[in-house]
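K.L.:
output the structure for:
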Amino acid sequence: MDLAREILLKVEESPRATGIGVFDLKIGGQSHEEVSYHIMLLHQAGLIEAFEPPCDDIDWAPSCLTWAGHEFLDAYREETFWHKAKSFVLEKTGSLGMEALKQAVPFVVQQAIKGG
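P.N.:
Numbering: from 1, shown residues only. Purely as a prediction, here's the structure:
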């Protein structure tokens, strides 16, 4: 999930993420294949628009964030919220799924408002 969030942040900050065309995304310490796979997953989750390669020799490439991708990042841009949400979801479910993280937003925001 940390890699998925990092990809979303990189797509958001890229001046090439216009929704017109695609661009190559490199994340330090991650293989090209792993980044490509997570781009595909984020596309399937509806958080980014990405290019689906016509064959296995071409990697997935991001185009831009979707509305849902912007909403997700707005909720989890701050490291503190991100870590609280991951801890909460892991504690309650025993795993760390994207849908569970999306649903944890109200809890994390409520805790922040209460000062917790």
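K.L.:
count the neighbours of residue 44 for me.
P.N.:
Residue 44 has 11 neighbouring residues, counting by other C-beta atoms under 10 Å. Every C-beta, even on glycine, is put in place using the N, C-alpha and C of the backbone.
K.L.:
what's it sitting at in phi/psi?
P.N.:
In terms of degrees, to the nearest 10, the main-chain angles of residue 44 are phi -60, psi -30.
K.L.:
now the element after the top helix by length along the chain, going C-ward?
P.N.:
Assignment by DSSP state H gives helix 79-93 as the longest helix of the chain. Downstream of helix 79-93, the next assigned helix or strand under DSSP states H and E is helix 98-103.
K.L.:
please tell me how far that next one is from the chain's geometric centre.
P.N.:
11 Å (C-alpha atoms, centre = their mean, to the nearest Å).
K.L.:
mean confidence for that helix?
P.N.:
Mean per-residue pLDDT for helix 98-103: 84.
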